[in-house]
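Participant: Below is the sequence, then the predicted model.
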Amino acid sequence: MPIALEIYAPEKLILSDKADKVVLPVAEGTLTIIKERAPRLQNLVPGDVVLLDGENREVKRVGISGGVADIAEDRCTILGA
């Protein structure tokens, strides 16, 4: 079962999709989110959020200017700056 991903800008929903893995831009480089990962809040830096399929192929790429990711076992919600 894939991870549900939502990306919000201050005024609206930018993306609502699902992916097997989600790669987030963080200060240390990138953070890959997989299903059943421990819940956490993560600060994000400007960069690309990348959605991957089960074969690690890029499905979609969305640029962000930073923000915060609320990560749970089966979802990731990004509140953009």
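Facilitator: Received the coordinates, thanks.
Participant: Quick check: the gap between the residue in the chain sticking out farthest from the centre and Leu52.
Facilitator: Using C-alpha atoms, centre = their mean, the residue of the chain lying farthest from its centre is Glu11. It sits 18.4 Å away. Glu11 sits 28 Å away from Leu52, going by C-beta to C-beta, to the nearest Å. The C-beta positions use only the backbone N, C-alpha and C, and glycine is treated the same way.
Participant: ok, back up a step: would you list the phi and psi of the residue farthest from the centre of the chain?
Facilitator: Reported as degrees, to the nearest 10, the phi and psi values for Glu11 are phi -110, psi -10.
Participant: what pLDDT does it get?
Facilitator: Glu11 carries a pLDDT value of 88.
Participant: what does Arg37 give?
Facilitator: 83.
Participant: The residue nearest to it when sequence neighbours are not counted bridge partners, please.
Facilitator: Among residues not flanking Arg37 along the chain, Ile71 sits closest, at 6.4 Å (C-beta to C-beta, 6 or more residues apart in numbering). Per DSSP bridges, the residues bridged to Ile71 are Arg40, Cys76.
Participant: Give me the neighbour count for Ile71.
Facilitator: By the criterion of other C-beta atoms under 10 Å, Ile71 has 19 neighbours.
Participant: Which pLDDT value does the model give it?
Facilitator: Ile71 is given a pLDDT of 96.
Participant: residues in contact with it?
Facilitator: Contacts for Ile71 (C-beta atoms under 8 Å, 6 or more residues apart in numbering) come out as 33, 37, 39-42.
Participant: Most neighbours among those, which one is it?
Facilitator: Ile33 (22 neighbours).
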